[in-house]
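> Quick one, what's the 3D model for this:
(one chain, ligands or ions: 2)
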Amino acid sequence: MKRVLLDCDPGIDDALALALIAGSRDALDLVGVTTVGGNVDLSLTTANALALREFLDLGDVPVTPGSPGATPRRTVRAAVHGTSGLGDAVLPAPVRGPSPGHAAGFIVDALRSAPGEITLVCVGPLTNLALAVRAEPRIVEWARDLVVMGGSYTGGDRVPAAEFNVLTDPEAAATVFAAGWTVTAVGLDVTLSAVVNTAVLDRMRPLGRLAELLVPGVRSYKEVTDDDGPAIHDACAVAYVLDPSLFTCVPAAVTVETTGLHTRGTTVTDLDPAGRRANALVATALDVPGFWDLVLAAYGRLAAR
Ligand code: BDR
Ligand code: CA
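Ligands and ions are numbered 1, 2, ... in the order given. The predicted model follows:
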């Protein structure tokens, strides 16, 4: 059993990542969900996380809001998730509210209370985690692992040179990559192959009530890929925690560009770092059929509950 803490900005693919955790109770113990402004404003990412906690039957897992995002004048949002953040998926309004406190404090406290046990999975802008590292650098030693959906060494999404989560708060990403741990970076290079094409969507339709989230969410998710559907990036980070053998990963030295006029948010990735310390394990390939078998099996278990 792995203990995980999910920092997210739901977000349609964030919701599908959370559903993957919810369907993997035998393997994952979710200690908390923290939210950050990203795909949509913090008030919406938090409201979505609260609605998902109840819809996905996650019990009393705390949902703790964090930062609204980087400097407001630079705020970047992702229209592909619709105005609510969950596209056309409409979930019942949550009954219970968020936990008090700030996501960064929650992250620090959780890691302090269980050193070496908790894997951080970050699938939104890295603002909360950077605040946590700056407040308590020892979390670098206390985390069991850190898996980030973010970055790319082959090109960006919203802009040519940067991936959305890094683009949204490059300074935070720079802090996280330079903090001294090894960041497992599951970037666009692999997540763009996790496409919900028509065949995959057909496997989601029979999933009862869960399909009410998955199908309208995916169909309205305007993420452009070369295949006939959107890529559910964030579920890849959770899949890595569940089964790292689905991924090929390479030790690399990653630095984040924070000043470039056209390249702000680029994760400059040296896949052959030679004498330099490899601060990242960068995913370079994904077993796509294996990924869908894992994800759809978990969704099937969740739907059958
Ligand atoms: C990332 O950007 C967001 O829109 C998604 O939720 C994902 O975390 C992909 O670049
Ligand atoms: Ca996200």
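
> pretty sure Val31 belongs to a strand, no?
Yes: under DSSP: H, G, I helix; E, B strand; the rest coil, Val31 falls within a strand.

> do you know how far it is from Glu117?
Per C-beta to C-beta, to the nearest Å, Val31 is found 9 Å from Glu117. Just so you know, the C-beta spots here come from the backbone N, C-alpha and C atoms, and that holds for glycine as well.

> list the residues that contact both of the two?
Residues touching both Val31 and Glu117 (C-beta atoms under 8 Å, 6 or more residues apart in numbering) are Arg3.

> Does the strand or helix carrying Gly300 pack against any helices or strands, and if so which?
According to DSSP states H and E, Gly300 maps onto helix 288-304. Other helices and strands packing on helix 288-304, by 3 or more C-beta pairs under 8 Å, 6 or more residues apart in numbering; DSSP states H and E, are helix 12-22, helix 198-204, helix 233-242.

> now it against helix 233-242, angle please.
90 degrees (axes from the mean of the first three to the mean of the last three C-alpha atoms, to 10 degrees).

> neighbouring contacts of helix 288-304?
Contacts for helix 288-304 (C-beta under 8 Å, 6+ apart): 16, 19-20, 22-25, 56-57, 193-194, 200, 203-204, 207-211, 214, 235-236, 239, 242-243, 246.

> Show me what from this protein comes close to ligand 1.
11, 13-14, 39, 78, 123-124, 149, 157, 163-165, 233-234 (C-beta under 6 Å from any ligand atom).

> so which one among these has the lowest pLDDT?
Ranked by pLDDT, the residues of the chain next to ligand 1 bottom out at Ala78, which has 76.

> Make sure that one is actually in contact with Leu44.
No: counting by C-beta atoms under 8 Å, Leu44 is not a contact partner of Ala78; they are 11.7 Å apart.

> for Val183, phi and psi?
Dihedral pair for Val183: phi -90, psi 120, per degrees, to the nearest 10.

> Compute the distance between the spatially closest residue to it that is not a sequence neighbour and Asp202, please.
Counting by C-beta to C-beta, 6 or more residues apart in numbering, the nearest residue to Val183 once its immediate chain neighbours are dropped is Ala280, at 4.7 Å. Taking C-beta to C-beta as the measure, Ala280 and Asp202 are separated by 36 Å.

> returning to that earlier point: now render the helices and strands packed on helix 288-304 as a markdown table, adding mean neighbour count.
Shown next, in a markdown table, are the helices and strands packed on helix 288-304 (neighbours: other C-beta atoms under 10 Å):
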| stretch | mean neighbour count |
| --- | --- |
| helix 12-22 | 28 |
| helix 198-204 | 15 |
| helix 233-242 | 27 |
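
> what's the nearest residue to Ala285 once chain neighbours are set aside in contact with, if anything?
Nearest residue to Ala285, sequence neighbours excluded (C-beta to C-beta, 6+ apart): Thr248, at 3.9 Å. Neighbouring residues of Thr248 by C-beta under 8 Å, 6+ apart: Ala283, Thr284, Ala285, Leu286.
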